[in-house]
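Chemist: Requesting a structural model of the entry that follows:
(2 chains)
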Amino acid sequence: MRFVDEFRDRRLAQELSAQIARLARPDREYRFMEVCGGHTHTIYKHGIQDFLPPNITLVHGPGCPVCVIPMGRVDDAIHIARQPGVIMTCFGDMMRVPGSTGSFLDASAEGADIRMVYSPLDALKLARKNRDRQVVFFAIGFETTAPSTALTLLKAAAENVTNFSVFCNHVTIVPALKAILDSPDLRLDGFLGPGHVSTVIGCRPYQFVPQAFQRPVVVAGFEPLDILESVRLLLKQLHEGRCEVENQYTRVVPWEGNTKALEVIRNTMELRPHFEWRGLGFISQSALRLREPFSNFDAERIFQVPGVRVADPKACQCGEVLKGVLKPWECKVFGTACTPETPIGTCMVSSEGACAAYYNFGRFTRERVAEAVR
Amino acid sequence: MTARPTREQQVLDRIESYRRRKTVLREERITMAHGAGGKATQTLVQALFLEAFRNPLLEPLEDQAVFGVNGSRLAVTTDSFVVSPLFFAGGDIGHLAINGTVNDLAVSGARPLYLTAGFILEEGFATADLERIAKSMARAAEAAGVAIVTGDTKVVQRGKADGCFINTTGIGLFERDIQLGATQVRPGDAVLVSGPIGDHGITIMLARGELELVSQLTSDTAPLHGLVESLLSATPSVRAMRDATRGGVATILNEIAAAAGVAMVVDENAVPVRDEVRGACEILGIDPLYAACEGRLVAIVAGDAAETALRAMRTHPLGREAAIIGSVREDPPGLVLLKTQFGGTRIVDLLVGDPLPRIC
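Modeler: As a prediction, the model looks like this:
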């Protein structure tokens, strides 16, 4: 298949793998964080660890939108979904995220009308079709998905749709990165920068990483060859004593980002003073809410949400996993109390969550399966 | 001397033994995941239905029960159909209702003979649509060489069902002295699939029109008894066969690996998938290995009979694009491993839920 197979070429993978092995010094360990959950998914889905020498570890980062949603926000959304006349809409990943009294899937089984959509525009379409209902879109994601929510809001306003609203949970990537870099547990040698977020915000916002924290960043694409190429570029920087922001994903990411997308976000949303991130706690100026002129579309203002902060379950170590301090299997409840069927933490829910990716795709050691796959 | 397992391996071993535990149904209510054919369905069936109905014929949890009557061996199976939409490219609910049950009989090695048909209809459903479905069932039954010999009709108030639901039950007769099933599978066997996978699931998804994708794709719904007959005539070394429906090829391989206590290794490059299906799966983030089929046979045969089996399948019109997609290994038991197109290795696990409900 064109535009896909080119980026999954085995021969090129082996060539890159050989170059990586040459660049990596055998006398040291390398720990690179892939910020984005999409990368985590690719890494496990294609078995990329097979192409890296054992002294290179890919550490999974916080860039999984579903993973960072705190339980209290899920509870608030379920509260809204239970109001008479409401149709709650969300992306499929959200359906199984546990709140303190269950997930959307459970709320749906109890009678709430919760539907999966592929785009906020589908939610708006649903609102036009169901004029007697209030259709709420559970907006989630980094700057990657915020523009589509913003455009939907502008469209709803232009068309005067009065039964559509947004429960806004959009977050921004840079404060999360800062929180990780500020963490005393940090043992990272570089970052694979989030490709899709960068399509919108560009590469410039990451300059603080090499400048203030002396760690290189390579903005990476999502196909397996992109990941290998980006690891090679990180090693090359370290090898040559450079420390800067590089763009591997040039076929999609412009250095300056997408100014139009940024503008629609700016026109419809503003920074919240602070927002709770699952496992990372409150991070100031790290999330977006709707601007005043769009208050008629703001589900948080239309409905009285409880807004109660719910502490993560004690056993859950999602925070450490999101910060890359723990590998998924090092969490105490991984695979026993916490599984994709009965997730305790969010990292076990989304296909982009590190725990789910490891559990579903990577639940084996290379030594153990070497015989079988030879 | 074996090296002491690493700490990661110890954790993984603990998880695998945890997975083999008796399952417990935790949910207080049925959710859509219980109908998806993956882990939640398995838990529901094992923890609730098997506990309530337990008997030796049910216990293997195969797609059909096999029993003897006066010296004859018979197979019986049942299946319900709730597909939405009712009509789609390449078939309709009636066509599925016949082929689904015919195939569950055929893969046991039995010749499908008689079917029953139960209809649950919603008040207001168009009789013209019902007639269209009935005619389609009649044609499908004729093609499969079975007769619909008894049935039942119920009507529920508007809003209490979605147009038309169908249940079919089928009975088949063994004409060969063979024992097929997951427990016959052993290391060294080969895994074959009769053609491109995922056509049905993706066709249904596109037919719902929510995605605004258009393709020439049609459902693969077809009766497999003829293909099965070709295969069984060609070699006595068939161990197990399944009809890859809900949950796709991945789910079947997991079920067999778990029941037989073996590992499966699948080569992603060898798995036939149409470009349209791959494309749609890429866009939707679905793995074609989990996409439903309604006319694809997965057969496990002895390793030395793999080529014979492949030739036999390819001579049948429904198996022209058959392929050997993997092999059965001893270790690690219960796991399905995939050698990825890219050249890496990963696990193919059971899904918890399904991104696509009501595909059959």
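
Chemist: need the longest helix for chain B.
Modeler: For chain B, the helix with the greatest residue count under DSSP state H is helix B:127-144.

Chemist: Which strands or helices does that one pack on?
Modeler: For helix B:127-144, the packing partners by 3 or more C-beta pairs under 8 Å, 6 or more residues apart in numbering or on different chains; DSSP states H and E come out as strand B:91-92, helix B:93-106, strand B:111-122, strand B:147-156, strand B:164-173. For glycine as for every other residue, the C-beta is placed from the backbone atoms N, C-alpha and C.

Chemist: And the pLDDT for the closest residue to chain B within the stretch 101-250 of chain A?
Modeler: At 4.0 Å from chain B, A:Ala109 is the closest residue in the stretch 101-250 of chain A, using C-beta to the nearest C-beta. Note on A:Ala109: pLDDT of 91.

Chemist: measure it to A:Ser103 for me?
Modeler: With the distance defined as C-beta to C-beta, to the nearest Å, A:Ala109 ends up 10 Å from A:Ser103.

Chemist: Could you count how many residues lie near the residue of the stretch 101-250 of chain A closest to chain B?
Modeler: 19 (other C-beta atoms under 10 Å in any protein chain shown).

Chemist: what's the answer for A:Thr149, then?
Modeler: 27.

Chemist: how close does it sit to A:Glu292?
Modeler: Distance from A:Thr149 to A:Glu292, by C-beta to C-beta: 17 Å.

Chemist: Then B:Gln42?
Modeler: 51 Å.

Chemist: likewise B:Ala117?
Modeler: Between B:Ala117 and A:Glu292 the distance is 60 Å, computed by C-beta to C-beta.

Chemist: neighbour-wise, which of these two wins?
Modeler: Between B:Ala117 and A:Glu292, counting by other C-beta under 10 Å, B:Ala117 is the more crowded of the two (21 against 9).

Chemist: give me the residue from chain A nearest chain B.
Modeler: For chain A, C-beta to the nearest C-beta, closest residue to chain B: A:Gly47, 2.0 Å.

Chemist: The residue lying closest to that residue once chain neighbours are set aside: neighbouring residues, count only.
Modeler: Using C-beta to C-beta, 6 or more residues apart in numbering or on different chains and skipping residues adjacent in sequence, the residue nearest A:Gly47 is B:Gly344, 2.0 Å away. Using other C-beta under 10 Å, the number of residues around B:Gly344 comes to 24.

Chemist: Tell me the confidence at B:Gly344?
Modeler: 94.

Chemist: need the contact list for it.
Modeler: Counting by C-beta atoms under 8 Å, 6 or more residues apart in numbering or on different chains, B:Gly344 touches A:His46, A:Gly47, A:Ile48, A:Gln49, A:Asp50, A:Phe51, A:Pro224.

Chemist: Excluding chain neighbours, what is closest to the last one?
Modeler: Right, the one you point to is A:Pro224. A:Pro224 sits nearest to A:His46 (C-beta to C-beta, 6+ apart), 4.1 Å away.

Chemist: Tell me how many other residues surround that neighbour.
Modeler: 27.

Chemist: circling back to that earlier point, verify the stated contact: the residue of chain A closest to chain B with B:Thr340.
Modeler: Yes. A:Gly47 lies in contact with B:Thr340 (C-beta atoms under 8 Å); the separation is 5.1 Å.

Chemist: and for those two, which residues touch both?
Modeler: What both A:Gly47 and B:Thr340 touch, as defined by C-beta under 8 Å, 6+ apart, is the set B:Arg346.

Chemist: Would you report the backbone torsion angles of the closest residue to A:Asn130 other than its chain neighbours?
Modeler: Leaving aside its sequence neighbours, A:Asn130 sits nearest to A:Ile87 (C-beta to C-beta, 6+ apart; 6.5 Å). Main-chain torsions, A:Ile87, degrees, to the nearest 10: phi -110, psi 120.

Chemist: For B:Ala240, give the beta-bridge partners.
Modeler: B:Ile300 (DSSP bridges).

Chemist: Look up the closest residue to A:Arg131, ignoring the ones flanking it.
Modeler: A:Asn163 (6.0 Å).

Chemist: just checking, the one you found touches A:Val136?
Modeler: No. A:Asn163 is beyond contact range of A:Val136, at 9.7 Å (criterion: C-beta under 8 Å).

Chemist: Which one of the two is surrounded by more residues?
Modeler: When A:Asn163 and A:Val136 are compared for neighbours, A:Val136 comes out ahead with 27 against 18, by other C-beta under 10 Å.

Chemist: Surely that one is in a strand?
Modeler: Yes. Counting by DSSP: H, G, I helix; E, B strand; the rest coil, A:Val136 is part of a strand.

Chemist: Quick check: it touching A:Ala81?
Modeler: Yes. Counting by C-beta under 8 Å, A:Val136 touches A:Ala81, with 7.4 Å between them.

Chemist: intersection of neighbour lists for those two?
Modeler: A:Met88.

Chemist: Work out for me the element residue 73 sits within.
Modeler: All of this refers to chain A. Assigned by DSSP states H and E, A:Arg73 belongs to helix A:71-81.

Chemist: that's the other chain; I wanted chain B
Modeler: strand B:72-81.
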